[in-house]
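Novice: Need coordinates for the following:
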Amino acid sequence: MKEMEAKTENRYEYRKPQEKRKQMIAPDLFEFAYVPDWYGHLAELERLALPESWKFRKPSRETKNADTPILERYIHTIFRKQVIDFNSESDPRKADSIFHLENECVCFHTGLYTPQYKGIYGYFERNNFSDSLRDWYFRGFCDELSPKLRYIEPLPQKPVYHMAQSGINFNPEWPIRVNVNHILGDEENLERIPAKIRKVKNLPLLFETAVELGRRKSVIEPGLVVPQGYQGRVQYLLPVYLTNMQKPDLAMTLTVMDGYYLGNTCLTLEMAYLNARVVARPMAPWLTELVK
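Specialist: Predicted coordinates for the structure are as follows:
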């Protein structure tokens, strides 16, 4: 009984000054904690989670992590999202449901599951093991049945992206307003367009026509347009066919407006896959063909 009282008292002492919750936990995993053997942890997470390909079939560029680059990006993005949501939540109970932070341990739901559909968590302990200046020590990934989590109740919930009030699902009948001048006038956006058509005189018309083609395809191909996570909200990714009617060259991000979608940015297909994977495992063929 005394042990329970002490534990309760510790929890109260940590939470009592609400201002401390607003001390803004670092949203970068490597700033928040000392993380030894990062690639080893990712390899273990890959073995622990439902089978999935975590690398591109023909990557456009080399990465230091050649085995699980998609998984690495995914975990960093989810960690950042959960910390930002935690920092902005004023209700302690709701904050705990996002990111559990106690005196001696921290954990968050990765959004991934084991083959037995048990949630997988990232787990930290107070850093008493290293000379690092980080307060926390990353101990690895574990499922909800792990002894490491036995005293945490309730466990943090799965990451959630709040759907726009205008509608959870993409509506292919809504018009798309494309900010062509912005896209073609922005160097980063322009470089994502195939080089062979980048200087075509009628590129603005070609681009708008390609976007309309993608919208029409989505009318008869449910699931063609996929959601992506952006700043804690949901946008949509529309494949854009510029040089091949069967294979998209890039993807356009669509922001939900009042009765229409606004297209301001285009992404490479790899960028689109990474953004889509944050919300859910992509099922659209134009994205799944990118991975092994």
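Novice: Find the nearest non-adjacent residue to Leu267, please.
Specialist: Ala251 (4.9 Å; Cβ to Cβ, 6 or more residues apart in numbering). For every residue, glycine as well, the C-beta is placed using N, CA and C.
Novice: Moving along the chain from the helix or strand Arg47 falls within, name the first helix or strand you hit.
Specialist: Using DSSP states H and E, Arg47 sits in helix 38-48. Sequence-wise, the next helix or strand downstream of helix 38-48 (DSSP H and E) is helix 69-88.
Novice: elements contacting that next one?
Specialist: In this structure, helix 69-88 packs against helix 29-32, helix 38-48, helix 92-98, strand 105-113, helix 269-279, with contacts taken as 3 or more Cβ pairs under 8 Å, 6 or more residues apart in numbering; DSSP states H and E.
Novice: The second one to strand 105-113, inter-axis angle?
Specialist: Using axes from the mean of the first three to the mean of the last three Cα atoms, to 10 degrees, the inter-axis angle of helix 38-48 relative to strand 105-113 is 50 degrees.
Novice: what pLDDT, on average, does helix 38-48 get?
Specialist: Here helix 38-48 scores 98 as its mean pLDDT.
Novice: Mind giving me the packing neighbours of that helix?
Specialist: helix 69-88, strand 105-113, strand 136-143.
Novice: hmm, 10 Å instead?
Specialist: The elements that helix 38-48 packs onto, with contact taken as 3 or more Cβ pairs under 10 Å, 6 or more residues apart in numbering; DSSP states H and E, are helix 69-88, strand 105-113, strand 119-126, strand 136-143.
Novice: got any ranges where this protein has weak pLDDT?
Specialist: Scanning the chain for pLDDT under 70 picks out 1-23, 162-168.
Novice: Where do the domain boundaries of it fall?
Specialist: Residue ranges for the structural domains of the chain, counted by automatic domain parsing, are given in the record as 2-149, 176-288.
Novice: so which of those domains is the most packed in?
Specialist: Greatest average neighbour count among the domains of the chain goes to domain 176-288 (a mean of 17), per mean count of other Cβ atoms under 10 Å.
Novice: Show the end-to-end separation of that domain, please.
Specialist: 25 Å (Cα to Cα, to the nearest Å).
Novice: Could you do stretch 59-74 as well?
Specialist: End-to-end distance of stretch 59-74: 16 Å, with Cα to Cα as the criterion.
Novice: One more: stretch 186-202?
Specialist: Span of stretch 186-202 from end to end, Cα to Cα: 17 Å.
Novice: Any idea how far that stretch is from the middle of the chain?
Specialist: Put simply, stretch 186-202 sits 28 Å off its chain's centre (Cα atoms, centre = their mean, to the nearest Å).
Novice: Same question for Pro282, what's its three-state structure.
Specialist: Recorded secondary structure, Pro282: coil (DSSP: H, G, I helix; E, B strand; the rest coil).
Novice: what sits against the residue nearest to it when sequence neighbours are not counted?
Specialist: Leaving aside its chain neighbours, Pro282 sits nearest to Ala276 (4.7 Å; criterion: Cβ to Cβ, 6+ apart). Ala276 is in contact with 226-229, 236-237, 251, 267, 282-284, 287, counting by Cβ atoms under 10 Å, 6 or more residues apart in numbering.
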